[in-house]
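Chemist: Turn this into a model:
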Amino acid sequence: MNDSLTQVLINYGPFVFLFVVGWFFGSRHERQHLTQLRVAEQDLRDITVSSERLYRPKLAAGSEGELVLGSVVIAQDYFKMIIARVLSIFGKNLTTYETLLDRARREAIVRMRADAKAKGYTHIYGLRLEVTNINQLGSMVEAIAYGTAVISIDHPHTTSAINHQTSL
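Modeler: Prediction:
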């Protein structure tokens, strides 16, 4: 009896140990990324983003629109992929994929806002998001956010943005 328990531990112990360690570090990395996203979103909150199709902000004199975009590729750790495969057998909600897609969309929008801010714009309208699977397993997704960036007179920081752009 003791010999069979030892054999089970030798055969399956490393797999279980690696699975637990991988799950721990994958979850930790995801939490760190979500924290970084919250900080970046807070820092870029002065860039207004609108996804309405026919909306156009009031433009500052001499402001021309420019395409800005943000793109990211994010991979899911394989330990969460195993859990997702098991849950899909039972028709459950695949929350691991939901968090992957949420992180990818948010990161793409943050990068797009950072691009607009670096160019001195205050407003992005016509936001569009594209999300695509990179591999057949669904463990990697690419998210692209794009829109038209302008300097808007509706924005509270318009005068400083216009002065910043003219000084460039």
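Chemist: Show me the shaky parts of the protein.
Modeler: 1-2, 137-138, 154-168 (pLDDT under 70).
Chemist: ranges for the helices of this protein?
Modeler: Under the criterion DSSP state H, the chain carries helices at the ranges 2-43, 78-89, 95-118, 158-167.
Chemist: So which of those is nearest S51?
Modeler: S51 lies closest, by CB to CB, to one member of the helices of the chain: helix 95-118, at 10.1 Å. All C-beta spots, glycine's among them, are computed from the backbone N, C-alpha and C.
Chemist: Mean neighbour count, the helices of the chain: which tops it?
Modeler: When you average the neighbours per residue for each of these (mean count of other CB atoms under 10 Å), helix 95-118 leads with a mean of 19.
Chemist: can you state the direction angle for it and helix 2-43?
Modeler: Angle of helix 95-118 versus helix 2-43, following axes from the mean of the first three to the mean of the last three CA atoms, to 10 degrees, is 30 degrees.
Chemist: Kindly export helix 95-118 (C-alpha atoms) in CSV.
Modeler: C-alpha atoms of helix 95-118 as CSV (Å, rounded to 0.1, in the frame of the first residue of the first chain):
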residue,chain,number,x,y,z
THR,A,95,-14.3,33.4,-17.7
THR,A,96,-10.7,32.8,-18.5
TYR,A,97,-11.3,33.9,-22.1
GLU,A,98,-13.4,36.8,-20.9
THR,A,99,-10.5,38.2,-18.8
LEU,A,100,-8.1,37.6,-21.7
LEU,A,101,-10.3,39.6,-24.1
ASP,A,102,-11.0,42.3,-21.5
ARG,A,103,-7.2,42.8,-20.9
ALA,A,104,-6.5,42.9,-24.6
ARG,A,105,-9.2,45.5,-25.4
ARG,A,106,-8.3,47.7,-22.4
GLU,A,107,-4.5,47.6,-23.3
ALA,A,108,-5.2,48.5,-26.9
ILE,A,109,-7.3,51.5,-25.9
VAL,A,110,-4.7,52.6,-23.4
ARG,A,111,-2.0,52.5,-26.2
MET,A,112,-4.3,54.4,-28.6
ARG,A,113,-4.9,57.1,-25.9
ALA,A,114,-1.2,57.3,-25.2
ASP,A,115,-0.6,57.8,-29.0
ALA,A,116,-3.1,60.6,-29.1
LYS,A,117,-1.7,62.3,-26.0
ALA,A,118,1.8,62.1,-27.4
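Chemist: Which strands and helices lie in contact with that helix?
Modeler: Counting contacts by 3 or more CB pairs under 8 Å, 6 or more residues apart in numbering; DSSP states H and E, helix 95-118 packs against helix 2-43, strand 48-50, strand 66-75, helix 78-89, strand 123-133, strand 140-150.
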